[in-house]
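Chemist: build me a model from this:
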Amino acid sequence: MKILNIDFENCFGIGKFKHEFDFEESNSYIIYAPNGTMKTSFSKTMQMISANEKPKDMVYAKKSKYHVLTDGNEIDKNSILIINAEDNTFDATNRISSFIASKELKERYESVYEALNVAKAELLKKLKAISKSNDCEGEYIGSFRESTNENFPDILQKHVKDFKDEINKITFRYNDVFDTKGNVKKFLIKHDGLLDEYVTNYNNIISNSRLFKLTSDNSFGTYQANVIMKSIEDNSYFDAGHTFVLEDGTKIQNSKELETLYQEELDKILADETLKKSFDKVDKAIGANVELRAFKKVVEEDNSLLVHLKNYDEFKQKAWTSYLSEIKDDAEALSELYELKKKELEVILNEAKKEVALWKSITDKFNARFYVPFEVTIGNQQDIILKQETAYLEFSYKDKNEVSIKQTKDNLLNILSKGEQRAYFILQFLFEIESRKQLEETSLLIFDDIADSFDYKNKYAIIEYISELHSSHNFKLLILTHNFDFYRTLSSRLDLSKHSYMTTKDQNRKINLVPGLYTGTIFKEYLKRPHDPKVFISLIAFVRNLIEYSDSAKTEECKTLTNCLHQSDDAQNIKVRDVKNIFKNKISKLKNAKFDFEDDISIQDFIFSVTETIIQEQAINEILLENKIILAMACRLKMEKYLIAKLPGFVLNIYHQTRSLSNDYKLKFPNSKNLILIDKVNLMTPENIHLNSFMYEPLIDMSVFHLIDLYKEITKMN
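Modeler: Got it, this is the predicted structure:
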């Protein structure tokens, strides 16, 4: 990925945006986007493209256009990853198993499971045809599982010895008797007395039979007799000179005699009136439940099933044994294959254990770098690869000197602060990013205000991680933020001053990226060009602050510069010459500075003149701080002039003058339509004029067009 071309039209809040990023020049670009310009719209558009969805214009319903090209071709949607710490739905733990081992081991691992899955699928297909079960695998596992770690092949291995060549086949549909809702079992439990009555009567008949017998240890019933009859049906046993001798001395000399005796004894059981009455009671109870229609039909076809259903769960296992016995060869083949492949998996696991440093480094890195009251570990390390299970994370909460306590994810998120929750969500992205490191393809990472709401410790942890990614050949980074401090810090740490952008948005919603400004100290740059009228005016507040900090606010120079920013009796007497002289006397770098503008003009008239020049500019630079500083000054001066005219007799005092004038005006004119406008000036202009501690982030975020509109409104008011 060398060249990235973005071309968007009418995508959410973006009217038009077109730009080319050259990743041969830099692996990363940082974009400062004030609130409301493009950051969220850009991220949402890229997120939808990555999900193969269509971005759109949510407000005006204009036709959208969205093209993202890498080196002239449509971008691979899977290569895009949007990293937003507000995204609490993103869960990358299922990616852990994709990078706990090297690519070679992973391929071996997947090859083993592919062979197993193919064989298992074939067996389950046949098993479904026999049992008619809705979920052969799940229901078979549920019937036999003794441990949550056991899977289908595990259980099959344990019971394959029980599968027989000769069986009494189960002919009913599995779910007619063993229904998924458990209605049959509930019925049998509820009518346990009726079932006991039937079983008792059945056993009494068996006890008096010439063929069938019931003992305290075991029984010889229809099932056992069927097995014998099956084995001797070709008469070879009797042809060899053998005979059967029953308990009463009756001799059976051929298979036909045994079959006749079997049918006679079976008819006696079915014809028994007492047993019939017992069955009728059960049958009537079943019929009262509409959900048991299928079960009723099965029982009516074979009354003797009720005997087996007395031990419901045991009979369920016998049913599966019967079904699988019909495909005994296939079951044995899968069991043998699993035994063979399991050994291979164990070898892979042992080799993979040597490579755990990668995934362990992620949790270690998170625990070491982020200041949060919990530690994270990966819980089921072996099962991830041996059982093909999804990894899960374990969290231990520890606050100050308290004992560490394990917490679930949901409970942990309820405990954590907003910033700590964001750190948790970033952990999810760490797994996703680290898994992508193992791929040969390049990923485009888009960071959407990743450090917002973090304290400084965690903000610098993010910067450190981004710095590592910036140095990786696997990733190309677009870092979007409206946090100016983060923008400046990251630009400095990654040496991105030449690859930093700031966004502007015109009245047609067209987005432009302009070269980044103010990554260094703004006033240091101002001192290099004081001859620029805009810079000259902007330096008034800065130099005033310097005098206040280095000397006193009571000095004449400080008072003069303060008067430049307020309407007062002395303000109109202050000339541009006076301000120049203060600059030269107080700032050594300006001692020999040359100023090309007129000396004798009033400083306030000069401010208004430059303000009009800014407003008349054809292509106004929305980023330039000096434009915003001057507009703020002009707004306040115009407003004070209006207030003073409306409040005759007001005693002027340049300290807190604007606020005092506003308060008096509100008392005198509580219903004035200008109150909203006055409040706007008080809210929007102070930070632009009083650059306390030389912090100027509020100016960057504020739109120059808002200040222009404010100035025009105030001018009309006057």
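
Chemist: okay, and the closest residue to Asp596 other than its chain neighbours sits in which element?
Modeler: Once flanking residues are discounted, Asp596 sits nearest to His531: 5.6 Å by C-beta to C-beta, 6 or more residues apart in numbering. All C-beta atoms are positioned from the backbone trio N, CA, C, and that covers glycine. Under DSSP states H and E, no helix or strand contains His531.

Chemist: His531 contacts Ala593, correct?
Modeler: Yes. Counting by C-beta atoms under 8 Å, Ala593 is a contact partner of His531 at 6.9 Å.

Chemist: quick one, helices of the stretch 1-150 of the chain?
Modeler: Ranges of helices in the stretch 1-150 of the chain, per DSSP state H, counting those that start in this stretch, are 39-50, 103-131, 136-144.

Chemist: CSV please, covering the ones you listed and showing distance to Val610.
Modeler: Output for the helices of the stretch 1-150 of the chain, formatted as CSV (distance: least, C-beta to C-beta, whole Å):
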stretch, distance to Val610
helix 39-50, 31
helix 103-131, 64
helix 136-144, 78
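
Chemist: where in the stretch 151-300 of the chain is pLDDT low?
Modeler: Across the stretch 151-300 of the chain, the ranges flagged by pLDDT under 70 are 214-224, 226-227, 270.

Chemist: pick out whichever of His531 and Ala593 has more residues nearby.
Modeler: Per other C-beta atoms under 10 Å, whichever of His531 and Ala593 has more neighbours is Ala593, with 16 against 12.

Chemist: still on that earlier bit, contacting residues around the residue nearest to Asp596?
Modeler: His531 makes contact with 593-596, according to C-beta atoms under 8 Å, 6 or more residues apart in numbering.

Chemist: what sits closest to the most centrally placed residue in the chain if chain neighbours are left out?
Modeler: In the chain, the C-alpha nearest the mean C-alpha coordinate belongs to Phe90, at 0.7 Å (C-alpha atoms, centre = their mean). In space, and not counting its chain neighbours, Phe90 is closest to Gln428: 5.2 Å by C-beta to C-beta, 6+ apart.

Chemist: how many neighbouring residues does the one you found have?
Modeler: 20.

Chemist: which phi and psi values does it adopt?
Modeler: phi -60, psi -40 (degrees, to the nearest 10).

Chemist: that one contacts Asn88, doesn't it?
Modeler: No. Shown here, Gln428 and Asn88 do not form a contact pair, counting by C-beta under 8 Å, at 9.1 Å.

Chemist: now the closest residue to Asp76 other than its chain neighbours: how far from Ile80?
Modeler: Setting aside the residues directly before and after it, Asp76 is nearest to Glu441 in space (C-beta to C-beta, 6+ apart), at 7.1 Å. Using C-beta to C-beta, to the nearest Å, Glu441 is found at 11 Å from Ile80.

Chemist: and those two? which has more neighbours close in?
Modeler: Legend: neighbour count by other C-beta under 10 Å for Glu441 and Ile80, higher for Ile80 (17 against 10).

Chemist: wait, the more buried one sits on Met48?
Modeler: No. Contact criterion C-beta under 8 Å: Ile80 and Met48 do not qualify, at 10.1 Å.

Chemist: mind listing what's buried in stretch 443-462?
Modeler: For stretch 443-462, a neighbour-count test (16 or more other C-beta atoms under 10 Å) marks 443-454, 458-462 as buried.

Chemist: cool, and stretch 655-666?
Modeler: Quick answer for stretch 655-666 (16+ other C-beta under 10 Å): 657-658, 660-662, 665.

Chemist: same question for stretch 139-156.
Modeler: 139-141, 143-144, 151-156.

Chemist: and what of stretch 25-37?
Modeler: 26-34, 37.

Chemist: so among those, where is pLDDT lowest?
Modeler: Among the buried residues of stretch 25-37, Pro34 has the lowest pLDDT, at 83.

Chemist: for the closest residue in space to that one that isn't next to it in sequence, which residues are in contact?
Modeler: Of all residues beyond its chain neighbours, the one nearest Pro34 is Asp701 (4.7 Å), with distances taken as C-beta to C-beta, 6+ apart. Contact analysis of Asp701 by C-beta under 8 Å, 6+ apart lists 34-35, 482, 484.

Chemist: lowest-confidence entry in those residues?
Modeler: Lowest pLDDT among those: Asn35, 79.

Chemist: show me what contacts that residue?
Modeler: 482, 701.

Chemist: distance between the helix or strand containing Arg544 and the chain's centre?
Modeler: Under the criterion of DSSP H and E, Arg544 resides in helix 533-550. Relative to its chain's centre, helix 533-550 lies at 48 Å (C-alpha atoms, centre = their mean, to the nearest Å).

Chemist: residues touching that helix, excluding its own?
Modeler: By C-beta under 8 Å, 6+ apart, helix 533-550 touches 523, 526-527, 529-530, 553, 555, 557-558, 561-562, 564-565, 579, 582-583, 586-587, 595, 597, 603, 606-607, 610, 613-614, 624-627, 629-630, 633, 689-692, 694.

Chemist: surely Glu86 and Arg422 touch.
Modeler: Yes. Contact criterion C-beta under 8 Å: Glu86 and Arg422 qualify, at 7.2 Å.

Chemist: overlap in contacts of the two?
Modeler: Asp452.

Chemist: give me the more crowded residue out of those two.
Modeler: For the pair Glu86 and Arg422, the greater number of neighbours falls to Arg422 (26 against 15), based on other C-beta under 10 Å.

Chemist: what ranges does the stretch 451-600 of the chain have for its strands?
Modeler: 475-481, 500-505, 510-515 (DSSP state E, counting those that start in this stretch).

Chemist: tabulate these (a markdown table), appending distance to Glu107 and mean pLDDT.
Modeler: Converted to a markdown table, the strands of the stretch 451-600 of the chain look like this (distance: least, C-beta to C-beta, whole Å; pLDDT from 0 to 100):
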| stretch | distance to Glu107 | mean pLDDT |
| --- | --- | --- |
| strand 475-481 | 24 | 95 |
| strand 500-505 | 42 | 90 |
| strand 510-515 | 43 | 91 |
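
Chemist: switch those over to TSV; also include distance to Ile362 and mean neighbour count.
Modeler: As requested, the strands of the stretch 451-600 of the chain are exported to TSV (distance: least, C-beta to C-beta, whole Å; neighbours: other C-beta atoms under 10 Å):
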stretch	distance to Ile362	mean neighbour count
strand 475-481	16	23
strand 500-505	29	22
strand 510-515	33	16
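
Chemist: between these, which gets nearest to Leu393?
Modeler: strand 475-481 (23.6 Å; C-beta to C-beta).

Chemist: so what touches the closest one?
Modeler: Here strand 475-481 has contacts from 1, 4, 21, 23, 27-33, 39, 42-43, 433, 436, 442-452, 466, 469-470, 487, 490, using C-beta under 8 Å, 6+ apart.
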